[in-house]
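Novice: pasting the structure only:
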């Protein structure tokens, strides 16, 4: 009897140890989710998906994918374009490409940026340190290109995917960060409005694009639908 009870105790102890190990593994999150999560806000860090893909691929030369475009090859509509149909060379970009993500979601994803953690602007960079932290000028501009993996059926027919819910959607997300020069000029315009003064645009290199962007973000902050409708992506 003593031998039987000792064997049962040993087997019971092994089962308990096995259950404890399984419970620990269940409570553990996958490493990829731990790396993505921001411990302070519980949000995902921007660029997590690309950084994870870089590590898994073993290729360290991914920096070229985040290079800035050459504005000299890009033309924009000049003032009075409706009459003249003339375009001119673009000025430096107001926002610079900072990072990106490529994520598959179930159907459309609304307000993608609310799920992400954006690092604050470095305070030791001239221009960034001039912009008011409580300003309505956003530090980041997010563009989410959503591409359904299943095309819509022709002539109103219902596909099998539609019956099973929304099809998986690929989200190609681009994060643009305000440039130091733009941040500096936005601080000039804020002071101009606050102090009720008139700045010399030519001396401070303030363009019509800077003033229009300032008014647009101000209109968005004040829920000005007319001003918000003046821009399109």
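Specialist: Structure received. Small disclaimer: the values here were computed from a predicted structure and weren't measured.

Novice: now the helices for the chain?
Specialist: Ranges of helices in the chain, per DSSP state H, are 2-27, 31-36, 48-57, 81-84, 160-163, 180-195, 201-204, 208-221, 225-228.

Novice: output the lowest mean pLDDT helix or strand found in this structure.
Specialist: Lowest by mean pLDDT, DSSP states H and E among the helices and strands of the chain is helix 31-36, with a mean of 43.

Novice: hey, least reliable of the helices of the chain by pLDDT?
Specialist: Least confidently modelled of the helices of the chain is helix 31-36, at a mean of 43 by mean pLDDT.

Novice: how many other residues sit next to the closest residue in space to residue 129 that isn't next to it in sequence?
Specialist: Nearest residue to residue 129 in three dimensions, chain neighbours excluded: residue 123, at 5.1 Å (C-beta to C-beta, 6 or more residues apart in numbering). C-beta here means a position set from N, CA and C on the backbone, and glycine is covered the same way. For residue 123, the neighbour count with other C-beta atoms under 10 Å is 8.

Novice: now do residue 178
Specialist: Residue 178, neighbours per other C-beta under 10 Å, totals 23.

Novice: so it bridges to which residues?
Specialist: Using DSSP bridges, the beta-bridge partners of residue 178 come out as residue 95.

Novice: so what's it up against?
Specialist: 94-96, 121, 131, 137-141, 186 (C-beta atoms under 8 Å, 6 or more residues apart in numbering).

Novice: got it, and residue 89?
Specialist: 71-72, 74-76.

Novice: hang on, isn't residue 165 packed against residue 150?
Specialist: No. Contact criterion C-beta atoms under 8 Å: residue 165 and residue 150 do not qualify, at 11.1 Å.

Novice: between these two, who's got more neighbours?
Specialist: Set residue 165 next to residue 150 and count neighbours by other C-beta under 10 Å: residue 150 wins out with 13 against 9.

Novice: any idea how far residue 109 is from the closest residue to residue 213 other than its chain neighbours?
Specialist: Distances taken as C-beta to C-beta, 6+ apart place residue 94 nearest to residue 213, at 6.2 Å, with adjacent residues excluded. Relative to residue 109, residue 94 is positioned 25 Å away (C-beta to C-beta, to the nearest Å).

Novice: same question, residue 82
Specialist: 36 Å.

Novice: who's in contact with residue 177?
Specialist: Contacts of residue 177 by C-beta under 8 Å, 6+ apart are 95-96, 98, 121, 139-141.

Novice: just the pLDDT for the residue lying closest to residue 179 once chain neighbours are set aside.
Specialist: Closest residue in space to residue 179, ignoring its immediate chain neighbours: residue 96 at 5.1 Å, by C-beta to C-beta, 6+ apart. The model reports residue 96 with a pLDDT of 90.

Novice: quick one, what contacts residue 96?
Specialist: Contacts of residue 96 (C-beta under 8 Å, 6+ apart): 68, 176-179.

Novice: which one's more surrounded, residue 94 and residue 109?
Specialist: With neighbours defined as other C-beta under 10 Å, residue 94 and residue 109 compare such that residue 94 has more, 18 against 14.

Novice: ramachandran angles for the more buried one?
Specialist: Dihedral pair for residue 94: phi -80, psi -30, per degrees, to the nearest 10.

Novice: that one touches residue 179, doesn't it?
Specialist: Yes. Proximity of residue 94 to residue 179 meets the contact threshold set by C-beta under 8 Å, at 6.5 Å.
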